[in-house]
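Asker: I would like the atomic coordinates for the input below:
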Amino acid sequence: MKNITLGIALLFASSAATAGNDVWQTLFKEKLKEANQGNSSAQFDIGSMYQNGRGVSPDRTKAIDWYQKAAAQQNDKAISRLKLLQANEERFKKETASASTGNPESQYKLGNMYTEGVGTNIDLVKAAESYEQSANQGFVKAEYKLGLIYYEGTGVKASKKTAYTWFKKAADENYAAAQYYLGKMYASGKGVKRNYNTSLEWYSKAVDGGFNQARSEMIEVTEKMKSASKSRPASSGKVAAKTPAAAKRSAALAGKEDSAGAGKTFGIEDLMVAAWSRDSEPVSYLPSAINNCRTEKGKIACYSENQTRESASGTVKFKTKSIMRDFSRDGSFQVSYRNLVIDASSNQDNKAASDSDEIGGMDNSAESFTVQTGWGIEHVLECQMLEESKVNCVKNKTHSFVLVSPQTVAAGNQAIKR
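Answerer: You can find the predicted model right below:
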């Protein structure tokens, strides 16, 4: 494909990480050639790539330069971005001055601005330092953020134990998102000894605090507890049988394998390396540049990186969790996904989220929105391969769109013909 879309990028699978970097770098070179020929859309894209460090090192000055070139040709997106950048630069100067006096709220806001590249270049190390300064003064939002960056290893060396320390401080002050992560850590046994009962306690507190995502996690933990209990040897020495639900799932998977034939299940491996994009942006519900995906029992499960959505009044930070299932040899499959709102702030100037769907309880009418943290509603996609590098998906049985990939996707061992 000559015109590679802007969304093609890194895959999270370690074997494809280097290739993903090469794709961004190749894309940058192609867009730069178009931009130097006067294409205003390409000039905007180059500005965005410099701003966000895609295929090139982040450089705010060069980003502004390219936005100005596009704006000179009356590119509306570039004009809007320049206004936002200027406003956020003033905000950054104001918060920097306030943070230097020891104001913990400004130190926290400064951490957010360094994280998202608002009014300055993205600098995760400085973001971590700002959060720590604020957290050390007991600012609860910073305590949570510091826990999150240690949990994810952004700007600092990942440490689940340190993450636990900061999550616990914030959770003890009834910060629901921190309570949720403590529940998650106790459920997984990462950073602390696994304890399902303690996990449920923290998830319950998170739900009480309005973090509705924890409801589904509580169900999962309860199921794990039941499964662990039934799998223990009975007093007679016999191993307990599978639960009816588990038996049904196993039977369903077995039936699918029998009907399709060994090794013939459609495209799981191919989909995993396809780097799907929509409207020049990586999608958050199929394997792509912004997803960490894995295969599990005939399914693909993905959990995205942090994404953002912006309007004139603010930005929402969220993740997406998706499951792909029911793969058929004819190239059809189903996707279900939900968005988890993590945080919200105002007037950030990083790029908008790639997914145009609703986020949690967000109302984005009239260029403004309000947000509730936690999970949004579930969306279902019915997808069908159109050709080797395109798939058509129908969302919630109401409207369709086409996703594209630079890779050739196969069904079994045979590529799908045009």
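Asker: hang on, isn't residue 190 packed against residue 161?
Answerer: No: contact criterion CB atoms under 8 Å: residue 190 and residue 161 do not qualify, at 9.5 Å. C-beta: built from backbone N, CA, C; applies to glycine.
Asker: Could you check which of these two is surrounded by more residues?
Answerer: Neighbour comparison, residue 190 and residue 161: the larger count goes to residue 190, with 14 against 11 (by other CB atoms under 10 Å).
Asker: Could you look up the SS state of that one?
Answerer: At residue 190 the chain is in coil, as set by DSSP: H, G, I helix; E, B strand; the rest coil.
Asker: How about it: what's its closest non-neighbour residue?
Answerer: Excluding its sequence neighbours, the residue lying closest to residue 190 (CB to CB, 6 or more residues apart in numbering) is residue 160, at 4.9 Å.
Asker: hey, where'd the strands end up in this structure?
Answerer: 277-278, 281-282, 291-296, 299-304, 307-310, 315-325, 332-345, 374-375, 379-387, 390-395, 399-404, 410-411, 414-415 (DSSP state E).
Asker: among the helices and strands of this protein, which one scores worst on average pLDDT?
Answerer: Every helix and strand of the chain was ranked by mean pLDDT, DSSP states H and E. The lowest is helix 244-260, at a mean of 37.
Asker: Low-confidence ranges, the stretch 201-350 of the chain, go.
Answerer: In the predicted model, the stretch 201-350 of the chain carries pLDDT under 70 at residues 229-267, 311-314, 343-350.
Asker: mean confidence score for stretch 52-71?
Answerer: Taken as a whole, stretch 52-71 carries a mean pLDDT of 89.
Asker: Show me which positions of it end up buried.
Answerer: 52, 54-56, 58, 60, 62-64, 66-67, 69-71 (16 or more other CB atoms under 10 Å).
Asker: how close does residue 41 sit to residue 181?
Answerer: Distance, residue 41 to residue 181, by CB to CB, to the nearest Å: 40 Å.
Asker: again with residue 271
Answerer: Taking CB to CB, one finds residue 271 at 30 Å from residue 181.
Asker: do the same with residue 114
Answerer: When distance is defined by CB to CB, residue 114 is 22 Å away from residue 181.
Asker: Repeat that for residue 46.
Answerer: Residue 46 is 37 Å from residue 181, by CB to CB.
Asker: on contacts alone, who are the packing partners of the biggest helix by length in the chain?
Answerer: For the chain, the helix with the greatest residue count under DSSP state H is helix 76-99. Packing partners of helix 76-99 (3 or more CB pairs under 8 Å, 6 or more residues apart in numbering; DSSP states H and E): helix 40-52, helix 60-71, helix 104-116.
Asker: Tell me which of those approaches residue 88 most closely.
Answerer: Of all these, it is helix 104-116 that lies closest to residue 88, at 7.6 Å by CB to CB.
Asker: Off-centre distance for the longest helix of the chain?
Answerer: 25 Å (CA atoms, centre = their mean, to the nearest Å).
Asker: And for stretch 197-208?
Answerer: On CA atoms, centre = their mean, the centre of stretch 197-208 falls 24 Å from that of its chain.
Asker: tell me which residues in it are buried?
Answerer: The neighbour-count check on stretch 197-208 (16+ other CB under 10 Å) flags 198-200, 202-203, 205-207 as buried.
Asker: I'd guessed residue 96 sits against residue 107; true?
Answerer: No: counting by CB under 8 Å, residue 96 sits too far from residue 107 to count as a contact (9.8 Å).
Asker: the more surrounded of those two?
Answerer: Per other CB under 10 Å, whichever of residue 96 and residue 107 has more neighbours is residue 107, with 26 against 17.
Asker: Quick check: the nearest residue to the more buried one once chain neighbours are set aside vs residue 187, distance?
Answerer: Spatial nearest neighbour of residue 107, excluding adjacent residues (CB to CB, 6+ apart): residue 134 at 3.8 Å. In this view, residue 134 and residue 187 are 28 Å apart by CB to CB.
Asker: the more surrounded of these two?
Answerer: Counted by other CB under 10 Å, residue 134 and residue 187 do not tie: residue 134 has more neighbours, with 27 against 22.
Asker: residues in contact with that one?
Answerer: Contacts for residue 134 (CB atoms under 8 Å, 6 or more residues apart in numbering) come out as 104-105, 107-108, 111, 141-142.
Asker: can we see that at 10 Å?
Answerer: Neighbour list for residue 134: 99, 102-111, 140-143, 145-146 [criterion: CB atoms under 10 Å, 6 or more residues apart in numbering].
Asker: do residue 31 as well
Answerer: Here residue 31 is in contact with 4, 6, 39, 41-46, 48-49, 54-55, 66 (criterion: CB under 10 Å, 6+ apart).
Asker: and which of those residues is nearest to residue 401?
Answerer: Looking at the contacts of residue 31 and their distance to residue 401, the nearest is residue 6, at 16.4 Å (CB to CB).
Asker: rewinding a little: how about the strands of the chain in TSV, adding mean neighbour count and distance to residue 211?
Answerer: Output for the strands of the chain, formatted as TSV (neighbours: other CB atoms under 10 Å; distance: least, CB to CB, whole Å):
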stretch	mean neighbour count	distance to residue 211
strand 277-278	22	29
strand 281-282	24	27
strand 291-296	16	22
strand 299-304	20	17
strand 307-310	22	18
strand 315-325	22	13
strand 332-345	21	9
strand 374-375	24	5
strand 379-387	18	20
strand 390-395	18	26
strand 399-404	15	31
strand 410-411	18	40
strand 414-415	12	45
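Asker: Residue 45 versus residue 52, what's the distance?
Answerer: In terms of CB to CB, residue 52 sits 11 Å off from residue 45.
Asker: swap in residue 402?
Answerer: According to CB to CB, residue 402 and residue 45 sit 20 Å apart.
Asker: If the nearest residue in space to residue 299 that is not next to it in sequence is in a bridge, with which residues?
Answerer: In space, and not counting its chain neighbours, residue 299 is closest to residue 325: 4.7 Å by CB to CB, 6+ apart. Going by DSSP bridges, residue 325 is paired in beta bridges with residue 334.
Asker: hang on, isn't residue 325 packed against residue 332?
Answerer: No: contact criterion CB atoms under 10 Å: residue 325 and residue 332 do not qualify, at 11.2 Å.
Asker: re the thing from before, now do the contacts for the residue nearest to residue 299.
Answerer: Contacts for residue 325 (CB under 10 Å, 6+ apart) come out as 253, 256, 268, 297-301, 333-336.
Asker: Ignoring the adjacent residues along the chain, who's closest to residue 321?
Answerer: residue 303 (5.2 Å).
Asker: For burial, what's the neighbour tally of the residue nearest to residue 152 when sequence neighbours are not counted?
Answerer: Residue nearest to residue 152 in three dimensions, not counting chain neighbours: residue 158, with 6.8 Å by CB to CB, 6+ apart. Counted with other CB under 10 Å, residues neighbouring residue 158 total 12.
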